[in-house]
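Colleague: Just to be clear, the model below is a prediction. Sequence and coordinates:
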Amino acid sequence: MMGFACTLIATWEVLLTTITTSLTDGGTAGLIWGFLVVVAGFTFVYLSIAEMASMAPTSGGQYHWVSEFAPPRAQRFLSYIVGWMCFTGWQAAITSITFLTGTIIQGLIVLNSPTYTYERWHGTMLVIAITAFAIFFNTALAKKLPLVEGLLLVLHVVGFLAVIIGKLAESHIVHQALLMYRTQSSGCSHQRHPPQTSSPSSPTPAAGTATAPPSWSASSAP
């Protein structure tokens, strides 16, 4: 079950692929605090689902719980609507996952093969191939799913540690890249200019103009 959950959710893997949008919209502060707010909010969602699962344990999920806990007059209609919403959500999720996987594979090919010519239809064919492989594996090799989920759980944990350790080792490079990203996003220049000091040729204030009082320090005190 743990392997299935990690394979299905793939938290840090998806976050790495979508972090550009989060950094562009909210920056590092928005990414970190937004993540904490989402975690806190979904904690209550999972607590509610856990309570319903303890009251009516079922593999059906939302549509079954709606048929159990909704008002009697609306149970069938609401259960029908929720069931179709879940089905549509799963189909959209599978489509987005295959599209994301296909574009990542194509991006790796572009990165490692200078002679490769990028074409949009290549990504479409990769999406179709990944979808066909997923259908074949879940149909013909369904008995191997527990083994694959266990292996993916190990890869999920080990890969997370590898990414974190590698990024910590390259923290100075990440810091420079972050500064460059902020410069490009805000359009500001991070060049440091030396402080301007008054020179003997500086114009003196005109008569009757208010001037700032001199600043006294401990060394200039009598």
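Modeller: Done, it's in. Owing to the predicted nature of the structure, the values given are computational and were not obtained by experimental measurement.

Colleague: going forward, measure contacts between C-alpha atoms and count neighbours the same way
Modeller: Will do.

Colleague: Let me see the domain layout of this structure.
Modeller: The record assigns the chain these domain ranges, following automatic domain parsing: 9-55, 66-140, 143-186.

Colleague: can you redo those domains as a markdown table with mean pLDDT and mean neighbour count?
Modeller: Formatted as a markdown table, the domains of the chain follow (pLDDT from 0 to 100; neighbours: other C-alpha atoms under 10 Å):
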| stretch | mean pLDDT | mean neighbour count |
| --- | --- | --- |
| domain 9-55 | 83 | 13 |
| domain 66-140 | 88 | 14 |
| domain 143-186 | 77 | 13 |
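
Colleague: my read: Ile65 touches Ala56, true?
Modeller: To be clear, residue 65 is Trp; Ile isn't right here. Yes: if you go by C-alpha atoms under 8 Å, Trp65 and Ala56 touch, sitting 7.2 Å apart.

Colleague: Give me the more crowded residue out of those two.
Modeller: Trp65 (20 against 14; other C-alpha atoms under 10 Å).

Colleague: Which strands or helices does the helix or strand in which the more buried one is found pack on?
Modeller: Following DSSP states H and E, the helix or strand that holds Trp65 is helix 62-69. Here helix 62-69 touches helix 75-112, going by 3 or more C-alpha pairs under 8 Å, 6 or more residues apart in numbering; DSSP states H and E.

Colleague: one more time with 10 Å, if that's ok
Modeller: Packing contacts for helix 62-69, counted by 3 or more C-alpha pairs under 10 Å, 6 or more residues apart in numbering; DSSP states H and E, involve helix 11-55, helix 75-112.

Colleague: between the shortest one and helix 11-55, how many degrees?
Modeller: Just to be clear, that refers to helix 75-112. An angle of 160 degrees separates the directions of helix 75-112 and helix 11-55 when computed by axes from the mean of the first three to the mean of the last three C-alpha atoms, to 10 degrees.
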